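Q: Give me a model of this one.
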Amino acid sequence: MTFKLGELAQALGVRLEGDESIEVSKLNEIQVAAPDELSFLSNPKYLKYAKTTRAAALIVPEDLDIDFPNLLRSSNTQQSMLKALEILNQQQRKIRPGIHATAVIHPEATVPESVEIGPGVIIGSSVKLGQHVILEGNVVLGDGCHIGDNCHLYPNVVLYNESILGNQCIIHSGAVIGSDGFGFAVEAGEIQKIPQTGNVILGDQVEIGANCAIDRGSIGPTTIGDGTKLDNLVHLAHNVHVGKNCFLTAQIAIAGSTSLGDRVQMGGQSGVIGHLKIGNDVSIATRGGVTRDIPDGLMVSGFPARSHRDELKIEAIIKKLPALYKAVKTLEKQVNKT
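A: Numbers count the residues shown, from 1 in each chain. Just a heads-up that it's a prediction; the model follows:
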């Protein structure tokens, strides 16, 4: 589908400088954009590409000084870019209502006619599916699972018994939701399994990346708030509570009974030990290891995680250690000579 620049500017709510009749079909990177494509430029250090790009037009900040024939000037280039992606690039997956012949559905499950159920899907007893749900191949829903409206579960997703998903959730391939937490007790030298009797509850518009593992609570639920997004390979242990609109990037692990506030951001390979409270609007840098409670609004990094500002000071001092060591040895020799 193509859009005229004038139409696109109106849809994005931005100001057009140039030819409104120019047609664009896609948003692409400025270095590789084709003559019928749109690109963007939000950082002045990439201005050099404006001289060589073949893009038909650029989304740029309102105040950017640039010489280019067709511009869409925006007060928020990131939001304009995201909206342009939705309009030009995103191809919505159209639901194909129906049930594949190889699906196995318990007679007590509630399955509306509007849902799409792919090959090899297994649906247990007392499962309730909302309207317009897509279950792709080999999805397994244990007994008592509830799936909200417009959810999309990609191939090989497994939901253990009594897992609950809100509306418009996206669960990517290989994710396992509601498996047992790592709960054991040692009695007289023997390991005893602690029954994991809770479940997992996801809010609305939650997205779970590929191969994530979300454990059920041992008593009570493990929860994820509305709008929260998990990257691939994230592990949440039993009874973890994640607030609304959080970003958890790849290879994060959060130990049992820890609570994250709203709008928490965690960088890749960071982690939090168990039974901690992480406040609202906290940022944990990549590979940060959190071992204590973190108050609202703080950015932390390092291991053990501390104020990012303090961590930068420590790193700066560590870089000077070889020179300091050399200076100490020199002083030591001078003292020994006297």
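
Q: Would you agree Leu260 is in contact with Gly243?
A: Yes. Leu260 is within contact range of Gly243, at 5.5 Å (criterion: Cβ atoms under 8 Å). Bear in mind the C-beta positions are built from the backbone N, C-alpha and C, glycine included.

Q: Mind checking which of the two has more residues around it?
A: With neighbours defined as other Cβ atoms under 10 Å, Leu260 and Gly243 compare such that Leu260 has more, 29 against 22.

Q: which residues does that one form a beta bridge with?
A: Legend: beta-bridge partners of Leu260 under DSSP bridges are Val242, Ile278.

Q: cool, Gln265 as well?
A: Beta-bridge partners of Gln265, as defined by DSSP bridges: Phe247, Ser283.

Q: residues in contact with it?
A: Contact analysis of Gln265 by Cβ atoms under 8 Å, 6 or more residues apart in numbering lists Cys246, Phe247, Val282, Ser283, Ile284.

Q: Tell me the one of these nearest Ser42?
A: Phe247 (19.6 Å; Cβ to Cβ).

Q: Check what pLDDT that closest one gets.
A: If you check Phe247, the pLDDT there is 96.

Q: try the one 10 residues further on
A: The predicted local confidence for Ser257 comes out at a pLDDT of 96.

Q: Then the one 3 residues further on?
A: Looking at Leu260, its pLDDT is 98.

Q: on that earlier part again, Serialize the contacts of Gln265 to a markdown table and add fields for distance to Ile208 and neighbour count.
A: Shown next, in a markdown table, are those (distance: Cβ to Cβ, whole Å; neighbours: other Cβ atoms under 10 Å):
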| residue | distance to Ile208 | neighbour count |
| --- | --- | --- |
| Cys246 | 12 | 23 |
| Phe247 | 13 | 16 |
| Val282 | 21 | 23 |
| Ser283 | 21 | 19 |
| Ile284 | 19 | 27 |
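
Q: Give me the phi and psi angles of Leu72.
A: Dihedral pair for Leu72: phi -110, psi 100, per degrees, to the nearest 10.

Q: thought it was touching Val14?
A: Yes. With contact defined as Cβ under 8 Å, Leu72 and Val14 form a contacting pair (4.6 Å).

Q: Quick check: neighbours shared by these two?
A: Common neighbours of Leu72 and Val14, counting by Cβ under 8 Å, 6+ apart, are Ile59, Ser80.

Q: Distance to Lys326 added to the contacts of Gln265, as CSV?
A: Formatted as CSV, the contacts of Gln265 follow (distance: Cβ to Cβ, whole Å):
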residue, distance to Lys326
Cys246, 46
Phe247, 43
Val282, 39
Ser283, 37
Ile284, 35
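
Q: Looking at the residues you listed, which is nearest Ser25?
A: Distances from Ser25 to the contacts of Gln265, taken by Cβ to Cβ, are shortest for Phe247, at 30.6 Å.

Q: dump the residue contacts of the closest one.
A: Neighbour list for Phe247: Thr228, Lys229, Val264, Gln265, Met266 [criterion: Cβ under 8 Å, 6+ apart].

Q: Poorly predicted segments of the stretch 1-150 of the chain, please.
A: Nowhere does the stretch 1-150 of the chain drop to pLDDT under 70.

Q: all helices for it, in order.
A: 5-12, 77-84 (DSSP state H, counting those that start in this stretch).

Q: What residues of the last one count as buried?
A: In terms of neighbour count (16 or more other Cβ atoms under 10 Å), helix 77-84 has its buried residues at Thr77, Ser80, Met81, Lys83, Ala84.

Q: Next, format the helices of the stretch 1-150 of the chain as CSV and append distance to Gly118.
A: Shown next, in CSV, are those (distance: least, Cβ to Cβ, whole Å):
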stretch, distance to Gly118
helix 5-12, 34
helix 77-84, 30
